[in-house]
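Peer 1: Below is the sequence, then the predicted model.
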Amino acid sequence: MYTISEFDRLIQFLPVEIRPEVQIEIGSPDQSRVVQPLWRFPWQKYTRFAIDLSRWQKLSPDQQKIYFLREAVMATELALGDNWSALLLYPALIGAGSMGILVELQMGDNLGVGLAAALAASAVFLLRKAEKGQKAQVAADEFAVRYASQNGYTSEQAAAILLSALQQV
């Protein structure tokens, strides 16, 4: 069984910028990923992660640290880097589309409702693509390898550990 100190070890390996934002919870075996970031509203202080312990225990401690680092980087702003459009524009478009739907529903304009829904849906799609897209995943992989190489691993070791963890998961 995992203890708090073992989860603290994972958090202490993270970059200082995101350590205060991360909380770890015990997940369920039916979740889709080993480390599942839970939904975070903009006003919430923490990014929560649910860990499926049955699959998590199959990873070595080094694989756990580097894989968790990658997932934490993916779920926080570090994965998006300077992509302010994904951080600010898309949520604003989602809000504008939602408000448009409400206004157009009250006015009884079906075309307006459809256009507002299309705006909101396309903004949700673009936000998800920016967060989970291939560029963001590659950036998270590169960041994890670079950060691990600055903290006791060589670049080759870190890349091999991350690759083996991704294959095993």
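Peer 2: Yep, that arrived.

Peer 1: which secondary structure elements does the top helix by length along the chain contact?
Peer 2: As assigned by DSSP state H, the longest helix anywhere in the chain is helix 110-132. When contacts are defined as 3 or more Cβ pairs under 8 Å, 6 or more residues apart in numbering; DSSP states H and E, helix 110-132 sits against helix 77-80, helix 90-107. (Glycine included, C-beta is placed from N, CA and C.)

Peer 1: next helix or strand past that helix?
Peer 2: Going down the chain from helix 110-132, the next helix or strand is helix 134-149, by DSSP states H and E.

Peer 1: If you count contacts, what does that next one end up packed against?
Peer 2: Helix 134-149 packs on helix 61-75, helix 77-80, helix 155-168, going by 3+ Cβ pairs under 8 Å, 6+ apart.

Peer 1: One more pass at 10 Å, please.
Peer 2: Under the contact definition 3 or more Cβ pairs under 10 Å, 6 or more residues apart in numbering; DSSP states H and E, helix 134-149 sits against helix 61-75, helix 77-80, helix 110-132, helix 155-168.

Peer 1: can you state the direction angle for it and helix 110-132?
Peer 2: With axes from the mean of the first three to the mean of the last three Cα atoms, to 10 degrees defining the directions, helix 134-149 sits at 30 degrees from helix 110-132.

Peer 1: With adjacent residues omitted, what lies nearest to Ala118?
Peer 2: Closest residue to Ala118 apart from its sequence neighbours, by Cβ to Cβ, 6 or more residues apart in numbering: Gly97 at 7.7 Å.

Peer 1: give the contact list for the one you found.
Peer 2: 115-124 (Cβ atoms under 10 Å, 6 or more residues apart in numbering).

Peer 1: send the alpha carbons of stretch 52-66 over as PDB?
Peer 2: C-alpha atoms of stretch 52-66 as PDB (Å, rounded to 0.1, in the frame of the first residue of the first chain):
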ATOM      1  CA  ASP A  52      -4.900   3.800 -10.200                       C
ATOM      2  CA  LEU A  53      -2.700   1.900  -7.700                       C
ATOM      3  CA  SER A  54      -3.100  -1.500  -9.300                       C
ATOM      4  CA  ARG A  55      -1.400  -0.400 -12.500                       C
ATOM      5  CA  TRP A  56       0.800   2.200 -10.800                       C
ATOM      6  CA  GLN A  57       2.600  -0.500  -8.700                       C
ATOM      7  CA  LYS A  58       3.800  -2.200 -11.800                       C
ATOM      8  CA  LEU A  59       6.100   0.800 -12.600                       C
ATOM      9  CA  SER A  60       9.500   1.100 -11.000                       C
ATOM     10  CA  PRO A  61      10.100   4.100  -8.700                       C
ATOM     11  CA  ASP A  62      12.100   5.900 -11.400                       C
ATOM     12  CA  GLN A  63       9.300   5.300 -13.900                       C
ATOM     13  CA  GLN A  64       6.700   6.600 -11.500                       C
ATOM     14  CA  LYS A  65       8.600   9.800 -10.900                       C
ATOM     15  CA  ILE A  66       9.300  10.600 -14.500                       C
END
